[in-house]
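Participant: Here is a sequence with its predicted model. Questions after.
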Amino acid sequence: MFWNKKKKVSLEDMELSKQCQEEAELLFSSGKYHCAEAVLEVSRKHFAPHLPEAIIGGVSGFGGGSGTGCICGAVSGGTVALGLVLADRKVSTRLTKDLHVWFKGKYGVTCCKTIRKTNKGTCKTLTGDVACKIAEMLGERLI
């Protein structure tokens, strides 16, 4: 894979990001996927279609803040997506940090329990937002 740090976001990249957002929200709303699964599935579908759908089961424990209300499952699913698609530890680590900073800026915290307590009904929206952000991040780095 080739990386282009100076690549400008194209109209196609923006459209794909919005498409990923909408698809993730639909998957979440279907009840068949929780936040982490929806983000990972959309990322897999658009950026790593060679990976089997069964890989989504690897994040099944991340919903609801890993069952304890801790880290947001959408953020966890996004982190896994970055690692799977990029396969570069340094870049994945940097982008994961960027994802967390962006998410905290938007939602105040990455704690699932706190988000659900203060923002009822937000999970569908933040799932879509994270899928969109991951698509933007990947679109900027992949040629």
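Facilitator: In hand now; what should we look at?

Participant: can you list contacts of the lowest-mean-pLDDT helix or strand in the chain?
Facilitator: Lowest mean confidence among the helices and strands of the chain (mean pLDDT, DSSP states H and E): helix 63-64, at a mean of 84. Contact with helix 63-64 is made by 34-37, 73, 112, as judged by C-beta atoms under 8 Å, 6 or more residues apart in numbering. Just so you know, the C-beta spots here come from the backbone N, C-alpha and C atoms, and that holds for glycine as well.

Participant: C-terminal to it, which secondary structure element comes first?
Facilitator: Proceeding N to C from helix 63-64, the next assigned helix or strand is helix 73-86, under DSSP states H and E.

Participant: I'd like to know which elements the helix or strand following that next one is packed against.
Facilitator: Later in the chain than helix 73-86, the nearest helix or strand by DSSP H and E is helix 89-107. The helices and strands touching helix 89-107, judged by 3 or more C-beta pairs under 8 Å, 6 or more residues apart in numbering; DSSP states H and E, are helix 73-86, helix 123-141.

Participant: thought Gly128 was touching Lys18?
Facilitator: No - contact criterion C-beta atoms under 8 Å: Gly128 and Lys18 do not qualify, at 9.3 Å.

Participant: Between those two, tell me which one has more neighbours.
Facilitator: Set Gly128 next to Lys18 and count neighbours by other C-beta atoms under 10 Å: Gly128 wins out with 26 against 15.

Participant: And that one, how far from His50?
Facilitator: Relative to His50, Gly128 is positioned 24 Å away (C-beta to C-beta, to the nearest Å).

Participant: burial count for Gly108?
Facilitator: 12.

Participant: Next up, phi/psi of it, please.
Facilitator: Gly108 adopts backbone torsions of phi 90, psi -40, taken as degrees, to the nearest 10.
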